[in-house]
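**Q** Just to be clear, the model below is a prediction. Sequence and coordinates:
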Amino acid sequence: MGKIIALANQKGGVGKTTTTINLAASLATLEKSVLVIDADPQANASSGLGVDIKEVDCSLYECIIDHADIRDAIYTTDIDGLDIVPSHIDLVGAEIEMLKLSGREKVMSKLLAEIRDDYDYILIDCSPSLGLITVNALTAADSVIIPVQCEYFALEGISKLLNTIKIIKSKLNPKLEIEGFLLTMYDSRLRLARQIYDEVKRHFQELVFRSVIQRNVKLSESPSHGLPVILYDADSTGAKNHLNLAKEIIEKNKK
C-alpha cells in the first residue's frame, strides 16, 4: 500500500513545489513508483514536470467537482515510474463549489483510496494556504513534510500550520503524522541560515530531516525547462540534496 505524503506550509515561496517535483523524481530514480497530486491552482508542479496545462482534458478539478475517474487524470512524465495528476486554475473556485458537498473534507481521501495500491509514494503539492483543498490533502495524507525556508521569518506561521495539523488529527485524520521539517534554500555561508537550522533543530529535534536543500542555480533553472533537476543536471547540488532526502525517507519508512 502506497504512502501518501502532503507537502504543506501556508507561507509561500518556501520551496514546496520544487521539493515535490524533485523528491518525486529522486524517489522514481531510486526505483519507487510515484504519483504527484498537484493540489495548487498555480499548477507549477504540473508544468515543472513537463505537462502542458493547455493540453490537459482531465485534472484534479474534474475529479473533485465532476466526479471524473482519477485514473483518467493521471499523466506520465519523462521519468519512468513517475506520474502526475495535474492541476488547473479552476481549482481556485473548487473550494467554494465544495462547500455544498457532504463530507467535503474527505473528497480527496476517497479519490486516492482507489489508486494508493498502484504506487509506493503519492506526494501532494499543497497551495500556500490553509483552505479546503489543503485540508483535503492533509485529511488524505499519512504524513506531512513541512518545508522551512532558511530566512528570518521562517518559524513564523509554523505554529498556525501545526495547530491546523493538530485539529485535522483530532477531527478528521487520526493517523496523520509529521514526516519531517525540511530546511530549504540553505546557504552555508550565511550565519543566519545556520542559526535558523539550529533553532528548528532545537524546537523539533529528530523531526528535522538530516538532508537540507541548499540554494542552487540549477534547481531554479530546471522548472523553466519542464524538467526535474535530476534530468536537467544530475551532478548539481540540488539533484544530490533531493536524492539524499529521498534515501532518508525510504530508510525512515522501512522501520
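**A** All right, it came through fine.
**Q** Number of residues surrounding the nearest residue in space to Val92 that is not next to it in sequence?
**A** Using CB to CB, 6 or more residues apart in numbering and skipping residues adjacent in sequence, the residue nearest Val92 is Pro41, 4.4 Å away. For glycine as for every other residue, the C-beta is placed from the backbone atoms N, C-alpha and C. Burial measure for Pro41: 20 neighbouring residues, criterion other CB atoms under 10 Å.
**Q** Also Gly15?
**A** 20.
**Q** where's Leu182, which helix or strand?
**A** strand 177-184 (DSSP states H and E).
**Q** C-terminal to that strand, what's the next element?
**A** Downstream of strand 177-184 (by DSSP H and E), the next one is helix 191-204.
**Q** Okay, buried residues for the least confident helix or strand in the chain by mean pLDDT please.
**A** Every helix and strand of the chain was ranked by mean pLDDT, DSSP states H and E. The lowest is helix 191-204, at a mean of 82. Within helix 191-204, the residues that count as buried by 16 or more other CB atoms under 10 Å are 193, 196-197, 200, 204.
**Q** Could I get the full set of strands for the stretch 51-200 of the chain?
**A** For the stretch 51-200 of the chain, the strands defined by DSSP state E, counting those that start in this stretch cover 75-76, 82-85, 121-126, 143-149, 177-184.
**Q** Partner strands of the shortest one and their direction?
**A** Sheet partners assigned to strand 75-76 using DSSP bridges are listed as strand 82-85 (antiparallel).
**Q** What of the third one?
**A** Each strand that pairs with strand 121-126, with its direction, by DSSP bridges: strand 3-7 (parallel), strand 34-39 (parallel).
**Q** how distant is the longest one from the center of its chain?
**A** Between the mean C-alpha point of strand 34-39 and the mean C-alpha point of its chain there is a distance of 8 Å (CA atoms, centre = their mean, to the nearest Å).
**Q** Moving along the chain from it, name the first helix or strand you hit.
**A** Criterion used, DSSP H and E; the element after strand 34-39 is helix 44-48.
**Q** Just the C-alphas of the least confident helix or strand of the chain, formatted as CSV.
**A** Extracted in CSV, the C-alpha atoms of helix 191-204 (Å, rounded to 0.1, in the frame of the first residue of the first chain):
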residue,chain,number,x,y,z
ARG,A,191,25.3,32.8,9.7
LEU,A,192,21.6,33.4,9.7
ALA,A,193,21.0,30.1,7.8
ARG,A,194,22.9,28.2,10.4
GLN,A,195,21.1,29.9,13.2
ILE,A,196,17.7,29.1,11.6
TYR,A,197,18.8,25.4,11.3
ASP,A,198,19.9,25.3,14.9
GLU,A,199,16.6,26.9,16.0
VAL,A,200,14.4,24.5,14.1
LYS,A,201,16.5,21.6,15.3
ARG,A,202,16.2,22.8,18.9
HIS,A,203,12.4,23.0,18.6
PHE,A,204,11.6,19.9,16.6
